Each structure stands twice: as structure tokens, then as C-alpha cells.
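**Student:** here is my input, please return the structure:
(one chain, ligands or ions: 2)
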Amino acid sequence: MDHFNLSNGSIHAESVSLEAIAQAVGTPVYVYSQATLERHVRVFREAVSGAGKGEPLVAFAVKANPNGAVLRTMARAGMGADVVSGGELMRALAAGILPENIIFSGVGKTREEMALGLSHGIGQFNLESEPEAEMLSAVASAMGVEAKVAYRVNPDVDAGTHAKISTGKSENKFGIPIDTAIDAYARAAALPGLKLQGVAVHIGSQLTDLAPLETAFGKVGALVSALRAEGHDITLADLGGGLGVPYDPALPLPPSPTDYGAMVRRATAGWDVRLAFEPGRLIVANAGVLLSRVIRVKEGVSQPWVILDAAMNDLLRPSLYDAWHDIRAVKPKGEKAAANVVGPVCESGDTFATARHMDVVAADDLVVFMTAGAYGATMAGTYNSRALAPEVMVSGDQWAVVRPRQPLSALIDAERVPDWLAD
Ligand SMILES: Cc1ncc(COP(=O)(O)O)c(C=O)c1O
Ligand SMILES: N[C@@H](CCCC[NH3+])C(=O)O
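**Tutor:** Residues are numbered from 1 along each chain as shown. Ligands and ions are numbered 1, 2, ... in the order given. I've put the predicted structure just below:
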């Protein structure tokens, strides 16, 4: 298994060798498959094609993986982008994603970020509070332009996912309460510089049950009708992202994009609006792996400690959410045993897996973390003064470094010693 192809979410023989990438670039390194990204885009598009009025806007959630080569792949496939910061907006534009296909989400957009979005004429701002609507109105009016907006509504639905990635309960910071939305729209309609065109919802990520989504969409449908009755010209319903992906092969598969598409069609029948979607994880999670080398194996009480050169700063999900990533040897020896897999960072939480039944590995062996393309490199940090891992894109038999390894000196050189400490 020293060659790889992520085309069905797992490693298979192909013409680019992980060994060769590790040799040339070093480890840890994120490796993405362009063909898999393209296939996931196609599968999702086909699943929702024809739902709603016209063709839906599919806006890749940039937060899942903002790498320029990934975004360029999205742009070439005609995808839009869901962005949550000025930085993500600039990345999406730089990759060639059309401004009219960009949606700006997030509870804390600043005046500067609003002005940036307005200056590029982006497709929609998803507003998450009335003070935000007032601020955008003021910024747009001062610029003499009109902002196309939706309110993101919070439907108070439990998405049944990890508490830290649930966004649609009333106790979450996101959106305006759906019960007060009619009044909020009425007040926003009176503000200059805003064109109220949509409604948005997103109840959480890594969703493995379609029922809460369907409940939330039902509430949004009722709101769309009520807003129409109040005279608002609602033309776009943004149904967010959130569809889960398989991480643990021992668990039942999450609903497929086709199941999701069928539910969407059912839930949105008769809405008579264009639909938008913001998938992130579904597009990129299984198009990427994190490749790491075993530094050494240390004896443990019940099972050995497998110490990798990747750590929580490179892949935060296991520490942050107790997330499960499949960990496989690049060249399995045919033997499996329980091990604790950890990184070198000085935190007990720097643990990728505990008592994991996995390929037996030894010092210098290569391992891969599967399903690491989403919320992997993008959530990395430099804790313990570890440089950010590089990223590589594979396409057929070619591959390229799409973010070089940061030299350790860059971490230090970026800082300044104040005059009074200079000697
Ligand atoms: C507003 C919004 N849209 C889209 C996404 C993408 O979610 P996912 O990667 O689960 O598809 C998120 C993240 O949860 C989000 O907060
Ligand atoms: N970062 C989360 C997903 C958050 C989605 C953004 N709202 C994860 O790794 O699963």
C-alpha cells in the first residue's frame, strides 16, 4: 500500500507514492487528491441538481480547507464559496471563485470585512443579528451600494452531533431565533442599503441523521411563506452544509448525498426559491490524508506508545472533539495490535488514539491519518514552536507542494524584540 489513490475515500494502488512524497517533502505532510475533490463536487451537485428553482448554488465552505490549490479546484469546477472572514474571502477571490457565488457567513463580521465584501459585489451576506444588519446597512449606505442579505435563522433543533460543532440550538451563538424572524425582517426592510433576498440555516457539522435537518428545513419553509405573505421578495434559501462523512469504518455509514438530496427535494417542495448549499467536510474530508512518520515506539503499561512526528498542532480534531481518524501503516506488515498513538507535544491531550487495534508499526515507518482533508491543516497551529505542516496536491501521476514546509526560523524571525530588551 505504498501508492495511493483516495478516489473512494481509502488508499489504493496508484501512480503517486506516499513514500516518495514523504522522502521529498518530509513529514508530517497533508496530501490531497484532486480527482477525489472533483468527484465529490460532482456527486454532491448531482444529488441536489434540480432541487429548488433553477440550479442550486453550491458554495464550498472554505473553512474546511482554504488551501489555494483546493480552492482553485473548486473554482474550476464552478463552485461558489461560503466564507467567514476577510481572509477566506480574499482566498476565494484569488482562486477565481466568482464574487456573485460567494456567501459571507459568521457572527462577527467587522466593518472592514463588510466593506471588502461589498467592494467585490459578493452574492449574499448571511446576517446573524440585528446589530449586524444595522452595521451592514451603514457601511453599504456610506459606500453607495446595496448589500444582498439573508438572515441566518436559528431553528432551535438539536442536530445530534458533537456539542462543539452544533450550531442550531437556541443556546448556540448562531443566527437569530426563528420565532422572532418576521419582526427582524420587517425592521431590516426599513434599513437603507440592504436588499433582503434570502433566508439561511445551518444547524451543525458531521450530521449523521437527516431527521433534524428535515425538521429545520420545515421551519425554514414555513418562514419563507410567512415572509412572502409579508411582502418580502425571498428568492434564495441557503440550507447550509453539515452532511457527515464516514470516519470509522466500524460505524454505520452516514446518509449519502443522494439520500440528502431526496430529503431536500421533499422538504423544499413548493418553496419556489433557488437553493444554496454550503458543504465543506463532504467535499474535502476524504480527499485528504495526513502522512506522518513514527519517531519511536515506547513501552507502555497496557500497550505501546507509538510516537509520531505529527501532533495535536497538526491535526487538532482528536484532542478537541475526541474525533476518531483511521490510522494505517503505509506498508502494513500484516500484523495488528493495540497501541496508543500520540504526538511529541507536551500535553497528555496530544493523543490521536488510545488502545487502538491497528497495524503494528516501528520507528521510521510511515502512517496515514485518513479523512484528514477537512478541518485538518486549516486548524493547525504552531504550539511547542512546531512549524505548520506542508500540503501536497496529487493529480493523476503528478504531484506538487501547494504549501511549502515553513522553516522553523520563520517562526522566530516573525517576532520583534522591543528596544528595551535588545541587550
Ligand atoms: C455556516 C456554515 N456553513 C457551512 C459549514 C460547513 O459545514 P460542513 O463542513 O459540516 O459541511 C459550516 C460549519 O459547520 C458553517 O458554520
Ligand atoms: N472544526 C469542526 C467542524 C466545525 C464546522 C464549522 N462550523 C471539525 O473539525 O469537525
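**Student:** which one's the longest helix in the chain?
**Tutor:** Under DSSP state H, the helix in the chain containing the largest number of residues is helix 210-229.
**Student:** for the helix or strand following that one, the distance to its chain's centre please.
**Tutor:** Using DSSP states H and E, the next helix or strand after helix 210-229 towards the C-terminus is strand 236-238. Put simply, strand 236-238 sits 19 Å off its chain's centre (Cα atoms, centre = their mean, to the nearest Å).
**Student:** now do the helix or strand just after strand 236-238: which elements does it pack against?
**Tutor:** Downstream of strand 236-238, the next assigned helix or strand under DSSP H and E is helix 257-268. On a contact count with 3 or more Cβ pairs under 8 Å, 6 or more residues apart in numbering; DSSP states H and E, helix 257-268 meets helix 34-48, helix 210-229. (Glycine included, C-beta is placed from N, CA and C.)
**Student:** deepest-packed of the ones you listed, please.
**Tutor:** Neighbour counts (mean count of other Cβ atoms under 10 Å) averaged over each of these peak at helix 34-48, with a mean of 20.
**Student:** that one near ligand 1 anywhere?
**Tutor:** No: using Cβ under 6 Å from any ligand atom, helix 34-48 never reaches ligand 1; the gap is at least 9.9 Å.
**Student:** contacts for that helix?
**Tutor:** 5-7, 9, 56, 58, 69-70, 73-74, 77, 79, 256-258, 260-261, 264, 275, 277, 279, 282-284, 286-287, 393-396 (Cβ atoms under 8 Å, 6 or more residues apart in numbering).
**Student:** how about stretch 177-195?
**Tutor:** Under Cβ under 8 Å, 6+ apart, the answer for stretch 177-195 is 127, 130, 133-134, 136-141, 145-149, 151, 153-156, 170, 176, 196, 199, 219-220, 223, 226-227, 230, 232.
**Student:** just the buried members of these?
**Tutor:** Neighbour-count burial (16 or more other Cβ atoms under 10 Å) is assigned, among those, to 127, 130, 133, 136-137, 139-140, 147-149, 151, 153-156, 176, 196, 199, 219-220, 223, 227, 232.
**Student:** can you put the helices and strands packed on helix 257-268 in a markdown table and add mean pLDDT?
**Tutor:** Listed next are the helices and strands packed on helix 257-268 as a markdown table, based on pLDDT from 0 to 100:
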| stretch | mean pLDDT |
| --- | --- |
| helix 34-48 | 96 |
| helix 210-229 | 97 |
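**Student:** can you add distance to residue 87 and give those helices back as TSV?
**Tutor:** As requested, these are exported to TSV (distance: least, Cβ to Cβ, whole Å):
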stretch	distance to residue 87
helix 34-48	21
helix 210-229	29
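**Student:** between those helices, which gets nearest to ligand 2?
**Tutor:** Of all the helices and strands packed on helix 257-268, helix 210-229 sits nearest to ligand 2, with 14.7 Å by Cβ to the nearest ligand atom.
**Student:** how about that closest one against ligand 1, any contact?
**Tutor:** No: judged by Cβ under 6 Å from any ligand atom, helix 210-229 makes no contact with ligand 1; its nearest approach is 11.3 Å.
**Student:** quick one: that helix to chain centroid distance?
**Tutor:** The answer for helix 210-229 is 24 Å, by Cα atoms, centre = their mean.
**Student:** residue 367 contacts residue 327, correct?
**Tutor:** Yes: contact criterion Cβ atoms under 8 Å: residue 367 and residue 327 qualify, at 5.6 Å.
**Student:** which residues are in contact with both of the two?
**Tutor:** residue 341.
**Student:** what about these two, which has more around it?
**Tutor:** With neighbours defined as other Cβ atoms under 10 Å, residue 367 and residue 327 compare such that residue 367 has more, 28 against 23.
**Student:** how about the secondary structure of the more buried one?
**Tutor:** strand (DSSP: H, G, I helix; E, B strand; the rest coil).
**Student:** hey, where'd the helices end up in the stretch 251-400 of the chain?
**Tutor:** 257-268, 281-284, 317-321 (DSSP state H, counting those that start in this stretch).
**Student:** so which of those is nearest ligand 1?
**Tutor:** With Cβ to the nearest ligand atom, the closest approach to ligand 1 among the helices of the stretch 251-400 of the chain belongs to helix 281-284: 3.6 Å.
**Student:** is the closest one in proximity to ligand 1?
**Tutor:** Yes: taking Cβ under 6 Å from any ligand atom as the criterion, helix 281-284 and ligand 1 are in contact, through 281-282.
**Student:** show me what that helix is packed against.
**Tutor:** Under the contact definition 3+ Cβ pairs under 8 Å, 6+ apart, helix 281-284 sits against helix 34-48, strand 57-61.
**Student:** change it to 7 Å
**Tutor:** The helices and strands touching helix 281-284, judged by 3 or more Cβ pairs under 7 Å, 6 or more residues apart in numbering; DSSP states H and E, are helix 34-48.
**Student:** quick check: angle from the helix it packs on to strand 57-61?
**Tutor:** Interaxial angle, helix 34-48 versus strand 57-61 (axes from the mean of the first three to the mean of the last three Cα atoms, to 10 degrees): 140 degrees.
**Student:** can you give me the angle helix 34-48 makes with helix 257-268?
**Tutor:** Here the directions of helix 34-48 and helix 257-268 differ by 30 degrees (the same axes, to 10 degrees).
**Student:** how far does helix 34-48 sit from its chain's centre?
**Tutor:** Remark: helix 34-48 is offset 15 Å from the chain centroid, using Cα atoms, centre = their mean.
**Student:** can you offset everything so residue one is 19?
**Tutor:** Got it, the first residue is 19 from now on, which makes the last one we talked about helix 52-66.
**Student:** near ligand 1, which residues of the stretch 19-168 of the chain show up?
**Tutor:** So the stretch 19-168 of the chain meets ligand 1 at 79, 82, 100, 123 (Cβ under 6 Å from any ligand atom).
**Student:** and those, which two are the farthest apart?
**Tutor:** Farthest pair in these (Cβ to Cβ) is 82 and 123. Separation: 12.8 Å.
**Student:** confidence score at residue 89?
**Tutor:** The model reports residue 89 with a pLDDT of 98.
**Student:** compute the number of surrounding residues for the residue lying closest to it once chain neighbours are set aside.
**Tutor:** Nearest residue to residue 89, sequence neighbours excluded (Cβ to Cβ, 6 or more residues apart in numbering): residue 113, at 3.5 Å. The number of residues packed near residue 113 is 22, by other Cβ under 10 Å.
**Student:** many thanks, we can stop here.
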